Structures are given as structure tokens and as C-alpha cells.
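**Q** generate coordinates for the sequence data below:
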Amino acid sequence: MPWKAFDYRGEKVWVRVLDTGKPIVRRGLAEFRYKQGASKSYRTPRDNFEELDGEAEVLSDAEFGGRTTTAATKLREQPKVPADDQTIIIHTDGACSGNPGPAGIGVHILRPDKITEISEYIGEATNNVAELEAIRRAIESLDDSERERNIHLYTDSGWSLGVLIGGWKAKKNVAIIDKIKAKLPEFPKLELLKVRGHAGMEGNEEADALATKAVRIEDSTIKERARRK
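**A** You can find the predicted model right below:
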């Protein structure tokens, strides 16, 4: 993962970012180091960082130096293959009241001819479990006829993407992670992508609402409707 300079309480630090220059947030925290070439990382809430004027450059791990803490696989925000009118676009989200607490998942699937909305209560769980279960549920909702389709699956959980495709080692929730990884090869054109949560992104907002609804009513619903042309 690359690095970019930010202001942290009046001091210039280097923050782990996506290719676009946005900090990677894992469990609410972003990784940073105090100087270029440093090996020791620290973590703090994303809101503690402010943009630095004239500091738009993003450095690769090789350019930054120091010890690499994550694998070379990058978390992408933009798909390799642009969406067209036949692309299946999926947004997933997880929610829980407390961590752990009553949890739910939301899945919003946009197909060429219809829209599927899954709001599912999963009982007592952590937020990370809910995020993973939403991704698993979305992939399992695809059918055999869609194996060769271009599929863009968006989540705002950087942690989920990190443990699924970013090379991060998970100490918990390994069984769910393994189930998802086992399904991914069945859909070779499926891309897992990062989206910024609560930023007004169509699809992400719907998935968030579906997950929140499941927690609120402690029940599950699946709805399908024709897509308007």
C-alpha cells in the first residue's frame, strides 16, 4: 500500500492510503508513521489527519522505505473493467448495535433487469462479522448463469477487503473468511472494491439502510423489483 503525507496535530506524518490518496481505515483507525523510512507504525482515528497544502504526492512502499506491514495487493476503488449496461453492481454493508451486539446485513444488487434488496438479521455479532456476512450473502445470491459476468462488489469495510484480498492476516472470523475465499474463484470476473461509507454513494446508502433496518426490527426481508430503464 502507498503512503501520503498529512498533518497530525501540527506535525507532518505519513499515512497508509489507497491509490487515490485516501487513508485506509481499519476498525476506525488509520495507520501512520512519523517519518519517511520509519519502520514503526501507529494508529489513530482518521479525523485526526488534515490535508497538507502542496502534499499531493503518493509514495509506493519501495519509495517510502521502512518495513512493509501489508501485502502488495492493493485495495481498489475503481474497477479494472468499467461498468456497462450488463454489469452486475453490488453494495454490501453490516451494522450492529454495540460491538458485539444485535447485528444485521444489507445487500443491494443491481442487475440489468431487476434490483434485489436483502435485509437480514444475523443475531449477536461484531461489526466485522456483519461486514463479512454481507459479502458472503451477496456472492451466494449470484447464480450459475452469472459466473462469467462482470460483477463489481463494493464495501466500505477496508478491513474485510484487507483480509479477503489484501493479504492481511486475520486472527478472528477465519471460518467466514475462508468460505468467501472459496466462493470467489467461481466468479472470475468479480471485483471486490472499496467505497467510502456514508458519503451519499448510491447503492452504499441503500445497503446501509437495509443493514440498519434488520437490526432495528430484528427480522429479515428480501425484495425484488423490476429495474426502470
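
**Q** going forward, measure contacts between C-alpha atoms and count neighbours the same way
**A** Noted.

**Q** after the strand ranked longest in the chain comes which helix or strand?
**A** In the chain, with assignment by DSSP state E, the single longest strand is strand 114-125. Next along the chain after strand 114-125, taking DSSP states H and E as the criterion, comes helix 127-140.

**Q** between the following helix or strand past that following helix and helix 127-140, how big is the angle?
**A** Next helix or strand after helix 127-140 toward the C-terminus (DSSP H and E): strand 151-155. Here strand 151-155 runs at an angle of 170 degrees relative to helix 127-140 (axes from the mean of the first three to the mean of the last three C-alpha atoms, to 10 degrees).

**Q** by contact count, what packs against the following helix or strand past strand 151-155?
**A** The helix or strand immediately downstream of strand 151-155 is helix 158-164, counting by DSSP H and E. With contacts taken as 3 or more C-alpha pairs under 8 Å, 6 or more residues apart in numbering; DSSP states H and E, helix 158-164 sits against strand 25-26, helix 127-140, helix 174-183, strand 190-194.

**Q** 7 Å instead?
**A** strand 25-26 (3 or more C-alpha pairs under 7 Å, 6 or more residues apart in numbering; DSSP states H and E).

**Q** contacting residues around the strand it packs on?
**A** With C-alpha atoms under 7 Å, 6 or more residues apart in numbering as the test, strand 25-26 has contacts from Arg46, Gly158, Trp159.

**Q** closest to Cys96 among the residues you listed?
**A** Trp159 (15.9 Å; C-alpha to C-alpha).

**Q** ignoring the adjacent residues along the chain, who's closest to that closest one?
**A** Distances taken as C-alpha to C-alpha, 6 or more residues apart in numbering place Arg26 nearest to Trp159, at 5.1 Å, with adjacent residues excluded.

**Q** how confident was the prediction at that neighbour?
**A** We have a pLDDT of 79 for Arg26.

**Q** check the one 10 residues further on too.
**A** In the predicted model, Gln36 carries a pLDDT score of 86.

**Q** list the contacts for Ser119?
**A** Ser119 touches Ile105, Gly106, Val107, Leu210, Ala211, Lys213, Ala214, Ser220, Thr221, Ile222, counting by C-alpha under 7 Å, 6+ apart.
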